[in-house]
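Engineer: Give me coordinates for this.
(chains A and B)
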2 protein chains.
Amino acid sequence: MPTQFGSPIYKGHQSGFDSSAVAILRAAGALIFGKTTTTEFTVSNSGPDTTNPHNPNRTPGGSSCGSAAAVADYQVPLSLGSQTGGSVIRPASFTGVFAMKPTYNAILIEGQKTFAPTFDTLGFFARSVEDLQLLADAFALVDDKTPGEIPLKEVSVAVMKTPMWPEAGPGSIAAMNKAAAILKSRGAQVEEVTFPTEVNDYVVLKGSQKVILGGEAQASFLREYWIDKANLAAEICDLVENTANYTNKERMEAFDAYARMRNAVNNLAENYSVILAPSAVDEAPLGLDDMGSAAFNTMWTASDFLKLHLVHHSLTLQQGFHMAVIHIPAFIGANGMPVGISLVAPRFRDQHLLKVNKILGDALMAEGGWKV
Amino acid sequence: MPTQFGSPIYKGHQSGFDSSAVAILRAAGALIFGKTTTTEFTVSNSGPDTTNPHNPNRTPGGSSCGSAAAVADYQVPLSLGSQTGGSVIRPASFTGVFAMKPTYNAILIEGQKTFAPTFDTLGFFARSVEDLQLLADAFALVDDKTPGEIPLKEVSVAVMKTPMWPEAGPGSIAAMNKAAAILKSRGAQVEEVTFPTEVNDYVVLKGSQKVILGGEAQASFLREYWIDKANLAAEICDLVENTANYTNKERMEAFDAYARMRNAVNNLAENYSVILAPSAVDEAPLGLDDMGSAAFNTMWTASDFLKLHLVHHSLTLQQGFHMAVIHIPAFIGANGMPVGISLVAPRFRDQHLLKVNKILGDALMAEGGWKV
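Structural biologist: Residues are numbered from 1 along each chain as shown, chains lettered A, B, ... in the order given. Prediction:
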């Protein structure tokens, strides 16, 4: 099967060896149907010709655009994607399908192209929580405690609008409010919660993010840069050349800052069954040249450099913090396009998250309006 | 070229695609001579028939045994290895060659088999510091500040015998003492330094180590386990099945503990030009069934589980702490076999470490006795 990483450098390339994830799925009996498109090395924000199945004039979102579109378009029931920033959750929201980004490093990414090893995570797209469950089991995700049945009235939901809430579009505002209202009306304990102080420091957070991405990308694309930089997107060359002048000292400080924030958010999440958070700014925007506005995420990534070049890798809270996330495509925006929400659990509580999502997802899908 | 990972599962396997590191070396003009043996997936401690070039009755050390032996035996001037525990530094010590384990994540390990992503690091073997420098430059390792010339009398050396010093054999004791004496006699500032308190807590350190390795190995070998577990070493099956019953909670605590210790050691190292530390317990032991005793490292990894199964992955201080390390093969043990020492620098000071090693290495090699 061709493996081109969305790059002209690898045109026609056949890898000849399954990635770890694909080999595990084959061993579990999956039929591998094909490979889908991504933006160039999942870095660029404009990409292949893939359109949004619900409106060909709108982007499916990036970088795992093909995987999201293939599931939304009924071509396959399940697909894989990778998320360094928002590359699974955002296209799932734009195309109206379910998606899961399991805990970081709970699934091996061996055999996949690397962007930033500190963040890169395998994710999956599906048409139901049950189908996400199939893959979670195939990948042997195990919680410390096998989650039991939880009646909806014992589910506690922390509504976290996140520090960038003022940037949310009407679709996401409505989705978050409706989701909270539906869950409350069905008896769940719903509580609005703000981020721990450590994490509300935008300056630290956005700085840490861009420094780690930039630093790690230097090594990740050195191969392609040396082999054929003329065919490498300008923004990737900039990363390899470190035109932003990130220092290693900043990188180490960023690791430390992220480790502290990760713990703070994880510890907070342990007090609730799940966190409810936005998945994207709004419906998929018009046009195919831009895989999605970063407006909703600028507080996390607002530097000129990232604004220009890494907009689709705007960081969602679930990614840098290594937590488990499921996207529920329950709602409809002003233009009839899907708008979803994210449910988030602490690290290594993937099975718990699936269990809670089955209950909450059923409720949200029943009343939200969007049909998968 | 065959890529078998030391496993019968991959007998005759041809990857068809270079790893990132190999592709970068090709682009830099390197001639790729062949692939060398490793122990099974770099996990097992008994391995291929590779012998120590200086005595065929002695082990070359694992897991990167073939790469070390090929350089020691003048078959190639340079080779690559991977270190999750001590898999580069130890075989370099046993076979009497130079080696470098650069800062973690400064070189992309894409295309290599994964054992524990939090520790796995590419390393290289060579016959001189100049040759290590060639590879460091090919991999574009860059310090924040380009290191200038340092006169030997301005070099400060922190002698760190590490908490497991009582376990050192006569060869390593003599090597450390001689190294310190030579450097002092030539005018370097040599000071004996103990580890920061956080890191002298053996219980936390050894616990953190085994939990992270065990946790990550579950995902790393799931593919082979599901495809052909009958041909997978028993100790690797144990890892995938988590027979040691490590919990995810322990794993997260271990990440935190390691992050704290990493900073403590790194900050201490910033006060000196380099740290001088032992590379292995002593000369290469007799026999080929055991790639090296873990005695020297038991304080770091002393659990029944690791004693039995992961002895060659005994952790050296340089690995879990992500720091840059160069091995200098300067000395000779009681049986005429090589015994080396390690020089260690803070993270992302690889070029500085090379510079200092050129000076210190010349001094140690001139007086130490071992000739490469």
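
Engineer: how about the helices of the stretch 251-372 of chain A, start to end?
Structural biologist: For the stretch 251-372 of chain A, the helices identified by DSSP state H, counting those that start in this stretch occupy A:298-301, A:304-309, A:317-320, A:350-368, in order along the chain.

Engineer: Report the separation between the two terminal residues of stretch A:339-354.
Structural biologist: Separation of the first and last residues of stretch A:339-354 by CA to CA, to the nearest Å is 20 Å.

Engineer: Just the mean pLDDT for that stretch, thanks.
Structural biologist: Along stretch A:339-354, the predicted confidence averages to a pLDDT of 96.

Engineer: what about it, near chain B?
Structural biologist: Yes. Using CB under 8 Å from any CB of the partner chain, a contact is recorded between stretch A:339-354 and chain B, made by A:347-348. No exception for glycine: its C-beta is placed from N, CA and C like everyone else's.

Engineer: Can you give me the distance of residue A:2 to chain B?
Structural biologist: When CB to the nearest CB, to the nearest Å is the yardstick, residue A:2 and chain B sit 13 Å from each other.

Engineer: For the closest residue to chain B within the stretch 151-300 of chain A, give me its contacts.
Structural biologist: Relative to chain B, the nearest point of the stretch 151-300 of chain A is residue A:248 (3.4 Å; CB to the nearest CB). Under the criterion of CB atoms under 8 Å, 6 or more residues apart in numbering or on different chains, the contact list for residue A:248 reads A:215, B:143-144, B:347-348.

Engineer: what would those residues look like in TSV with distance to residue B:43 and neighbour count?
Structural biologist: Output for those, formatted as TSV (distance: CB to CB, whole Å; neighbours: other CB atoms under 10 Å in any protein chain shown):
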residue	distance to residue B:43	neighbour count
A:215	29	26
B:143	33	20
B:144	35	14
B:347	26	25
B:348	28	26
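
Engineer: So of those, which two are at opposite extremes in space?
Structural biologist: Among the contacts of residue A:248, the pair separated by the greatest distance (CB to CB) is A:215 and B:143, at 13.1 Å.

Engineer: one step back: would you list the contacts of residue A:248 in a markdown table and tack on distance to residue A:100?
Structural biologist: Rendered in a markdown table, the data for the contacts of residue A:248 read as follows (distance: CB to CB, whole Å):
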| residue | distance to residue A:100 |
| --- | --- |
| A:215 | 28 |
| B:143 | 40 |
| B:144 | 39 |
| B:347 | 33 |
| B:348 | 34 |
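
Engineer: was I right about residue A:52 contacting residue A:62?
Structural biologist: No. Contact status for residue A:52 versus residue A:62: not in contact, 11.4 Å apart, counting by CB atoms under 8 Å.

Engineer: Those two: which is more packed in?
Structural biologist: More crowded of residue A:52 and residue A:62, by other CB atoms under 10 Å in any protein chain shown: residue A:62, with 34 against 27.

Engineer: Next up, phi/psi of that one, please.
Structural biologist: With angles defined as degrees, to the nearest 10, residue A:62 sits at phi -130, psi 180.

Engineer: Can you tell me how far the nearest residue to it once chain neighbours are set aside is from residue A:86?
Structural biologist: Nearest-residue entry for residue A:62: residue A:291, 3.1 Å, with adjacent residues in sequence omitted and distances by CB to CB, 6 or more residues apart in numbering or on different chains. With the distance defined as CB to CB, to the nearest Å, residue A:291 ends up 10 Å from residue A:86.

Engineer: which residues of the stretch 251-372 of chain A score low on pLDDT?
Structural biologist: Applying pLDDT under 70 to the stretch 251-372 of chain A picks out residues A:292-318.

Engineer: Do I have it right that residue A:20 meets residue A:80?
Structural biologist: No. Applying CB under 8 Å as the test, residue A:20 and residue A:80 come out as separate, 11.1 Å apart.

Engineer: between the two, who's got more neighbours?
Structural biologist: With neighbours defined as other CB under 10 Å, residue A:20 and residue A:80 compare such that residue A:20 has more, 24 against 21.

Engineer: so who does that one touch?
Structural biologist: Contacts for residue A:20 were tallied using CB under 8 Å, 6+ apart; they are A:108-111, B:114, B:222-223.

Engineer: Filter those residues down to the ones in helices?
Structural biologist: Using DSSP state H, the subset of the contacts of residue A:20 located in helices is B:222-223.

Engineer: By neighbours, which of the contacts of residue A:20 wins?
Structural biologist: Of all the contacts of residue A:20, the most densely surrounded is residue B:223 (26 neighbours; neighbours counted as other CB under 10 Å).

Engineer: tell me the contacts of residue A:34?
Structural biologist: The neighbours of residue A:34, taking CB under 8 Å, 6+ apart as the test, are A:1, A:76.

Engineer: List phi and psi for it.
Structural biologist: Here is the backbone geometry of residue A:34 (degrees, to the nearest 10): phi 170, psi -180.

Engineer: in the stretch 101-250 of chain A, which ranges drop under the pLDDT threshold?
Structural biologist: Across the stretch 101-250 of chain A, residues meeting the criterion (pLDDT under 70) sit at A:200-203.

Engineer: and the stretch 151-300 of chain A, which residues reach chain B?
Structural biologist: Residues of the stretch 151-300 of chain A lying close to chain B (CB under 8 Å from any CB) are A:216, A:218-220, A:222-223, A:226-227, A:247-249, A:251-252, A:255-256, A:259, A:263, A:266.

Engineer: Write a PyMOL command that selects only the buried members of these.
Structural biologist: A single PyMOL command selects the buried members of those (16 or more other CB atoms under 10 Å in any protein chain shown):
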select buried, chain A and resi 216+218+219+220+222+223+226+247+248+251+252+255+259+263+266
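
Engineer: Kindly report the residues of the stretch 1-150 of chain A close to chain B.
Structural biologist: A:13-17, A:20, A:23-24, A:27-28, A:105-108, A:110, A:113-114, A:117-118, A:139-140, A:143-144.

Engineer: Counting neighbours, what do you get for the closest residue in space to residue A:363 that isn't next to it in sequence?
Structural biologist: Nearest-residue entry for residue A:363: residue A:186, 5.2 Å, with adjacent residues in sequence omitted and distances by CB to CB, 6+ apart. Burial measure for residue A:186: 18 neighbouring residues, criterion other CB under 10 Å.
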